[in-house]
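> when you get a sec, could you give me coordinates for this:
(3 chains)
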Amino acid sequence: MTLKELVANIGIELESDGFEVASMNTLSDASANEISFVSNSKYLKNVSSSKAGAILIDEANREAVPDGCIALVVESPYWDMATLSKFFWTPIEDDNLPEAKIGEGSKISSKAEIANGAVIGKNCTIMSGVYVGTNSKIGDNTILYPNVVVYKDCVIGSDCIIHAGTAIGSDGFGFASNKMGEHNKIYHNGNVVIGDDVEIGSNTSIDRAVFGSTTVKTGARLDNLIHMAHNCEIGEYAVVAGQSGFAGSSKVGRSNVFGAQSGVAGHLEIAPFNTFAARTGVTKTIKTSGKTYAGFPFMDHKIWLKIQGKLARLVK
Amino acid sequence: MTLKELVANIGIELESDGFEVASMNTLSDASANEISFVSNSKYLKNVSSSKAGAILIDEANREAVPDGCIALVVESPYWDMATLSKFFWTPIEDDNLPEAKIGEGSKISSKAEIANGAVIGKNCTIMSGVYVGTNSKIGDNTILYPNVVVYKDCVIGSDCIIHAGTAIGSDGFGFASNKMGEHNKIYHNGNVVIGDDVEIGSNTSIDRAVFGSTTVKTGARLDNLIHMAHNCEIGEYAVVAGQSGFAGSSKVGRSNVFGAQSGVAGHLEIAPFNTFAARTGVTKTIKTSGKTYAGFPFMDHKIWLKIQGKLARLVK
Amino acid sequence: MTLKELVANIGIELESDGFEVASMNTLSDASANEISFVSNSKYLKNVSSSKAGAILIDEANREAVPDGCIALVVESPYWDMATLSKFFWTPIEDDNLPEAKIGEGSKISSKAEIANGAVIGKNCTIMSGVYVGTNSKIGDNTILYPNVVVYKDCVIGSDCIIHAGTAIGSDGFGFASNKMGEHNKIYHNGNVVIGDDVEIGSNTSIDRAVFGSTTVKTGARLDNLIHMAHNCEIGEYAVVAGQSGFAGSSKVGRSNVFGAQSGVAGHLEIAPFNTFAARTGVTKTIKTSGKTYAGFPFMDHKIWLKIQGKLARLVK
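Numbers count the residues shown, from 1 in each chain, chains lettered A, B, ... in the order given. Modelled structure (predicted):
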């Protein structure tokens, strides 16, 4: 689709065809055949260095758009980005694709559904009620227990174990909203990529990325009922106990350990090898390693213990 | 079933047949062909104005029952209500009903199960492992991702997206208990009603109502792993982030926004257009709009921040 | 397998065959045809009285091993226990076992999968997408709603109701880790045992035991989205509201009542008939009955209320 055709959907009339638009992306990751957008003023600093072919931006900031990049001036860049995201959404299932490839030695339950275009490696066990979506790839020796769902375009490595009812690749919780409170869905054209030797518990939810990938790296261990939002990254060998949640775009370094019912706010980074007590709520980036945290908002575990002691004495 | 036949099951012998009992209901919603009950003294004030045909009540309060309404005097009205609720339970599946109706253009996976009596609208996508129960109705253009379960008698609107593994219409957590701690199941003869343009994440649970409906209104957005108990109501365009929970009968006004891991206690109301930080625990009715809350018990967000500051200084 | 053959897998060369090893077990539960291990120094006191046939132990503590028991001296007993646990793992499904036995009057959906060796009692309702694993047993009159998963070797009693998407018997969250942070899976050769008259909500996860059983006793009521880790025990008639979590090996006495989003730490015991407000985090064993608790760390409910009052006044 040409840029001209695409942006006609949001009421912009371009004189020239512009370029053939490959996809949408963030300001920092977009290349010349992609369009991008300024969702909020925090990201304005990324406009001038963006390699995007065109950028959705409001009138007040159009001057920031670099030479050679087309400024798509609109009232609500985020709302219009949501509208356009739908044009890059591929069909949930595609009957025109070839039948799924199943590697030697893999055992697929007759009650599982492997969509066209999927690829299953060798010696996998795909149990009853499992769904593997279009174009998804599963490595070798991986076990998907009953009723695991892998949405389209996702990647799961070798030697993984995914327990019953876990959903991988569901849409992230993303939409633009107007002043009336109405929402405009942002289609999540990214995916989920899970490394090798990862074990994930039952009834856990891992959302696909808006752009790029939500990632669980090699050797990580996730427990039951975990919520992992779009574009998060869980590092190598990290351990996450039950009912913990990760808000969008947070990056957890290798070998971090989270107690049960923990939470991590969005858009932050956690350096490797830290430990978080149960119910810790991480609200800021952590740049150091080797510490133990607790509480919400989080603090050094020892300080949290002291505060609990003081509170107990308060009432005496 | 006549009232006489019905109450024989709890050891009451009526001389006359009474009326043909249509169902059970709350004191305030019951009509003349329904029976009701006084579950606790808080609701005694609703007895005199009740339109119910008969009311389960204890000896001490029988005088409150209005003229023309039959007082069913028992030791434990709540326990007996639970016992009788079973007689209004319809079969989970009913082979005598006609086969499900499927609207034009809808694509139903051969691995989905649509029970007799269900109605699916036009252009829906019903994926592998989905279950739609007896007498449930799905609107047009709605997508049910793999392994979504819709129990009997529920209603889902048009243009909805429900993600993998979400359960809609499971029984609410309701039972009467005696002094030994034994429980008597309250059959949930209500349903779940979901409006149009609603998106719900993966592995979320929405329980059916005891009487009436648990409701998610038009345009609402629910994330993954949310718990919504019986008889709750989520207003239009409300936004609920992952792992939040709503206890029974709470009503959330339109365009409220809940951060992740929030909780709302039972039987309260929240006015429209408020915002709740992650992990807020709402414990009281909120009658004003436009505010931001945090903490548990909840308070103004700014006050919560101040308290956290004071606590941090406490230990220095 | 002889002990000699087994321990060759962790580089130990025994001169004699030792005994035919039946399984692995804890120090206190192991019998003469089982091997055990010392996972941490807290359990050293159990070595001398252990009836195990052989014990994995480090050099420093080998003298504690009683006469007649073979000391298997290794650098990392816990890591090696994990390695050996795999040799006791039985196949997830076993085609050589006889077809499942289905009791009279039970209705099994054609879209459910009952593995070989399973036994379903009389008058059960097994709905679409349910999976019942090898050698699992279901009692009479039990309802498994759509997409419930029961892993191999588990036991569910009579008159139970398990709601959609609940997973019973998924592997516990257990592994040995080395200093690099790499993990070695501990195979969970135990099971889950659920008593009679138990109701469990939707999308709940109950993990199987490492050794022995994770247990939910007669008459208990579990709500939606609950996390129950390996080797926990929930007592008779206990009530657990939505999104609560129980860490490994905790034992909850009969008729305890937990509000929503509660948490219980691992390896503790709670005496019968206590009540926990929503979001209570139980961090220590409770030996008394009849009390109400709240907060995290938990405390008497009244004290918690007082502290909240003091905190509110702090900022004024």
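
> and the pLDDT for A:Y43?
We have a pLDDT of 88 for A:Y43.

> can you pull the contacts of A:L222?
A:198-201, A:204, A:216, A:228, A:234, A:240 (CB atoms under 8 Å, 6 or more residues apart in numbering or on different chains). To be clear about C-beta, it is placed using only N, CA and C from the backbone, and glycine gets the same treatment.

> and what of A:S170?
Going by CB under 8 Å, 6+ apart, the list of residues near A:S170 reads A:149, A:151, A:205-208, B:145, B:163-164, B:201-202, B:224.

> sorry, back to before: of the contacts of A:L222, closest to C:V65?
A:E199 (32.5 Å; CB to CB).

> leaving out chain neighbours, which residue sits closest to the closest one?
Nearest in space to A:E199, with sequence neighbours left out and distances taken as CB to CB, 6 or more residues apart in numbering or on different chains, is A:I161 at 4.5 Å.

> give me the neighbour count for that neighbour.
19 (other CB atoms under 10 Å in any protein chain shown).

> I figured it hits A:N141, correct?
No - with contact defined as CB atoms under 8 Å, A:I161 does not count as touching A:N141 (9.6 Å).

> quick check: longest helix of chain A.
helix A:301-314 (DSSP state H).

> max pairwise distance over the contacts of A:S170: which two?
Among the contacts of A:S170, A:I206 and B:Y145 lie farthest apart (CB to CB), at 13.8 Å.

> got a list of what A:G18 touches?
So A:G18 contacts A:2-4, A:53-54, A:70 (CB under 8 Å, 6+ apart).

> take those residues and keep only those in strands.
A:54, A:70 (DSSP state E).

> please check the contacts of A:G18 and keep the buried ones.
Taking 16 or more other CB atoms under 10 Å in any protein chain shown as the criterion, what is buried in the contacts of A:G18 is A:3-4, A:53-54, A:70.

> TSV for these, including distance to C:G290?
Shown next, in TSV, are these (distance: CB to CB, whole Å):
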residue	distance to C:G290
A:L3	71
A:K4	75
A:G53	70
A:A54	69
A:I70	72
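
> widest-spaced pair of the residues you listed?
The most distant members of those, if one measures by CB to CB, are A:K4 and A:G53, lying 12.3 Å apart.

> now, among the contacts of A:L222, which is nearest to C:E13?
For the contacts of A:L222, the nearest to C:E13 is A:E199 (31.5 Å; CB to CB).

> so how many other residues sit close to the closest one?
20.

> quick check: bridge partners of it?
A:I161, A:R221 (DSSP bridges).

> quick one: it and A:D223 touch, right?
No - between A:E199 and A:D223 there is no contact under CB under 8 Å: 9.1 Å.

> pull out the buried members of the contacts of A:L222.
A:198-201, A:204, A:216, A:228, A:234, A:240.

> check these and tell me the two furthest apart.
The distance between the two most remote of these (CB to CB) is 14.3 Å, for A:E199 and A:M228.

> ok, the contacts of A:L222 vs chain B, which is closest?
Of all those, chain B sits closest to A:T204, with 7.6 Å by CB to the nearest CB.

> the closest one contacts A:M228, correct?
Yes - A:T204 lies in contact with A:M228 (CB under 8 Å); the separation is 7.5 Å.

> for the longest helix of chain A, name the packing helices and strands.
In terms of contacts (3 or more CB pairs under 8 Å, 6 or more residues apart in numbering or on different chains; DSSP states H and E), helix A:301-314 is packed against strand A:292-294, helix B:301-314, helix C:301-314.

> would you mind listing what in the stretch 201-316 of chain A touches chain C?
By CB under 8 Å from any CB of the partner chain, the residues of the stretch 201-316 of chain A that approach chain C are A:201-203, A:219, A:221, A:223-225, A:236-237, A:239, A:241-243, A:254-255, A:260-261, A:273, A:278-279, A:308, A:311-312, A:314-315.

> quick one: the strands in the stretch 1-150 of chain A?
Per DSSP state E, counting those that start in this stretch, the stretch 1-150 of chain A carries strands over the ranges A:23-24, A:34-37, A:54-57, A:70-73, A:101-102, A:107-108, A:113-114, A:119-120, A:125-126, A:131-132, A:137-138, A:143-144, A:149-150.

> what is the last one packed up against?
It refers to strand A:149-150. strand A:131-132, strand A:167-170.

> could I get the ones you listed as TSV with distance to B:K122 and mean pLDDT?
What follows is the helices and strands packed on strand A:149-150, written out as TSV (distance: least, CB to CB, whole Å; pLDDT from 0 to 100):
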stretch	distance to B:K122	mean pLDDT
strand A:131-132	24	98
strand A:167-170	24	98
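
> dump these to JSON lines, plus distance to C:K137.
JSON lines is the format used below for the helices and strands packed on strand A:149-150 (distance: least, CB to CB, whole Å):
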{"stretch": "strand A:131-132", "distance to C:K137": "28"}
{"stretch": "strand A:167-170", "distance to C:K137": "29"}
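
> excluding chain neighbours, what is closest to A:Y151?
Counting by CB to CB, 6+ apart, the residue nearest A:Y151 is A:G169, at 3.0 Å.

> what residues sit buried inside the helix or strand of chain A with the lowest mean pLDDT?
Ranking every helix and strand in chain A by mean pLDDT, DSSP states H and E puts helix A:301-314 at the bottom, with a mean of 88. Within helix A:301-314, the residues scored as buried using 16+ other CB under 10 Å are A:301, A:303-305, A:307-308, A:311.

> cool, thanks, signing off.
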